[in-house]
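Visitor: Sequence first, then the predicted structure:
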Amino acid sequence: MRGLDAAGLATRLAGADWPYASLVLVALDYDATPILLISRLAEHTKNIQADDRVSLLFDATHGLDSRLTGARVSVLGHARASTDTTIIRRFVDRHPQAMAYASFADFAFYRVAMTRAHLVAGFGRIRWLEADELRLSLPANLPLAEEERAVVEHMNADHLDTIQLYARKLLNATDEGWRMTGCDPEGVDLRRGGQVLRLAFAKRADSAEAARVELVRLAKLARAKTVNGT
């Protein structure tokens, strides 16, 4: 879920007993709650206003020879409008192009309060997950929530070369120009134009210092791969 920036959205067509599928951009909050920015003029938004039950399909099968062997998860939940400045910032940082229309009067941010999810991790690897298995349990005042912007700005300003190493040596990217767009307790998000990458932490990081420790460890790992020619 954290590694994707778009998902399929299923809603109930307003005024009719039919499912309606659409494509939406998505970001995730620190606890992995999905965040949407959708227009009030869109059909799926009209549907949500009538019935807030939704399903989001996160599809990680792109590029596989046999896509049915890849992982995907269908998240069930309730989409509820929110004016929380944290989710607004996280969405816009994840999707810089959204800055152009995020403040339009006909657009609104929504959090999807997850209830269950159906995970397919490949042939024969299928199970239902409860919300607590998806949602990351966080302290009431997460230090990283206040410090994230500083971490991201510092990395982009002073360690852009390290970000390229993360992308090429740890995530198998073949190009340059990657920037960091977010940092949460489970890892960091990278973007290059329309491409996104997810760099996971080995240890959970609830503060900027804990994230720094993980980022330094990952930088050493990437440089070691460079020295070894891998």
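Guide: Received, thanks. As the structure is a computational prediction, the values presented were derived from the model and not from experiment.
Visitor: Can you give me the buried ones in stretch 23-37?
Guide: Neighbour counts over stretch 23-37 (16 or more other Cβ atoms under 10 Å) mark 24-30, 32-37 as buried. All C-beta spots, glycine's among them, are computed from the backbone N, C-alpha and C.
Visitor: what does stretch 73-83 give?
Guide: Within stretch 73-83, the residues that count as buried by 16+ other Cβ under 10 Å are Val73, Ser74, Val75, Leu76, Gly77, Ala79, Ser82.
Visitor: now do stretch 64-71
Guide: Buried residues in stretch 64-71, counted by 16+ other Cβ under 10 Å: Gly70.
Visitor: Report the distance from the longest helix along the chain to the chain centre.
Guide: Counting residues, the longest helix found in the chain (DSSP state H) is helix 208-227. Remark: helix 208-227 is offset 21 Å from the chain centroid, using Cα atoms, centre = their mean, to the nearest Å.
Visitor: Summarise which helices and strands it is packed against.
Guide: helix 143-158, helix 160-165 (3 or more Cβ pairs under 8 Å, 6 or more residues apart in numbering; DSSP states H and E).
Visitor: Make CSV from these and add distance to Ala102 to it.
Guide: CSV is the format used below for the helices and strands packed on helix 208-227 (distance: least, Cβ to Cβ, whole Å):
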stretch, distance to Ala102
helix 143-158, 16
helix 160-165, 25
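Visitor: which one of those helices is the most hemmed in?
Guide: Comparing the helices and strands packed on helix 208-227 by mean neighbour count (mean count of other Cβ atoms under 10 Å), helix 160-165 comes out on top with a mean of 17.
Visitor: and that helix, what's its mean pLDDT?
Guide: Rounded to a whole number, the mean pLDDT of helix 160-165 is 98.
Visitor: If you count contacts, what does it end up packed against?
Guide: helix 143-158, strand 179-184, helix 208-227.
Visitor: mind putting the ones you listed in TSV, distance to Leu165 included?
Guide: Shown next, in TSV, are the helices and strands packed on helix 160-165 (distance: least, Cβ to Cβ, whole Å):
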stretch	distance to Leu165
helix 143-158	12
strand 179-184	12
helix 208-227	4
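Visitor: Can you say which of the ones you listed is nearest to Asp106?
Guide: strand 179-184 (25.1 Å; Cβ to Cβ).
Visitor: The closest one: partners in the sheet, and parallel or antiparallel?
Guide: Paired strands of strand 179-184, with direction, are strand 187-192 (antiparallel) (DSSP bridges).
Visitor: pull the CA atoms of the partner strand into CSV?
Guide: Backbone C-alpha positions of strand 187-192 (Å, rounded to 0.1, in the frame of the first residue of the first chain) are rendered in CSV as follows:
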residue,chain,number,x,y,z
GLY,A,187,10.2,4.0,5.6
VAL,A,188,10.5,6.8,3.0
ASP,A,189,8.9,7.6,-0.3
LEU,A,190,10.8,8.6,-3.4
ARG,A,191,9.5,10.1,-6.6
ARG,A,192,10.9,10.9,-10.1
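Visitor: Skip ahead from that strand and say which helix or strand is next.
Guide: Of the helices and strands lying after strand 187-192 in sequence (DSSP states H and E), the nearest is strand 195-200.
Visitor: can you list contacts of that following strand?
Guide: Contact with strand 195-200 is made by 2-5, 166-167, 170-171, 173, 178, 181, 186-191, 218, as judged by Cβ atoms under 8 Å, 6 or more residues apart in numbering.
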